[in-house]
Structures are given as structure tokens and as C-alpha cells.
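Engineer: Quick one, fold the following:
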Amino acid sequence: MEPVVKEIHPSLFTKVMRFPEPVRRDVLEYLGATPVIDDRLSQLINDMSRGFDAAHKAERRQ
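Structural biologist: Down below sits the predicted model:
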């Protein structure tokens, strides 16, 4: 039996690849183990990006 290849939209893949390496690895592992539709993946990526942006802004203020 061949493994199932799950494709994600190229723009979503690009956003995942912008994450720090440990986060990117976890997200890709999650995607490999869990069926996720593009709309839900987009929402997860946007939520994570907002969290990273907020943390980055807080670091710059200190």
C-alpha cells in the first residue's frame, strides 16, 4: 500500500515554511498525521502568525 500524499495549497505551504524550524516541523508533522482542510489550515496559520507577531512586538518594546 502506497502512502497517501496530502497536498496543501502552495500559498499555505509558503506560510508554513516561514515559521521557525521547530514550529514548521511540528506543523508539517501534524498535517501528515491529521486530515485538515485548507480553510482550517489557513485559520491555524493565521492564528499562529498573530501570536508570533505579538511576541515579536513585545520583545522589541523591552
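Engineer: any idea which helix or strand carries the residue nearest to the spatial centre of the chain?
Structural biologist: Centroid check for the chain by C-alpha atoms, centre = their mean gives residue 16 as the closest residue, at 3.9 Å. Remark: residue 16 resides in helix 10-17, with elements defined by DSSP states H and E.
Engineer: That helix: what's the following helix or strand?
Structural biologist: helix 21-33.
Engineer: next one: that following helix to chain centre, how far?
Structural biologist: In terms of C-alpha atoms, centre = their mean, to the nearest Å, the centre of helix 21-33 is set 7 Å apart from its chain centre.
Engineer: Just the buried positions in that helix, please.
Structural biologist: 27, 31 (16 or more other C-beta atoms under 10 Å). (Glycine included, C-beta is placed from N, CA and C.)
Engineer: Beyond it, next helix or strand please.
Structural biologist: Using DSSP H and E, the helix or strand that follows helix 21-33 towards the C-terminus is helix 38-61.
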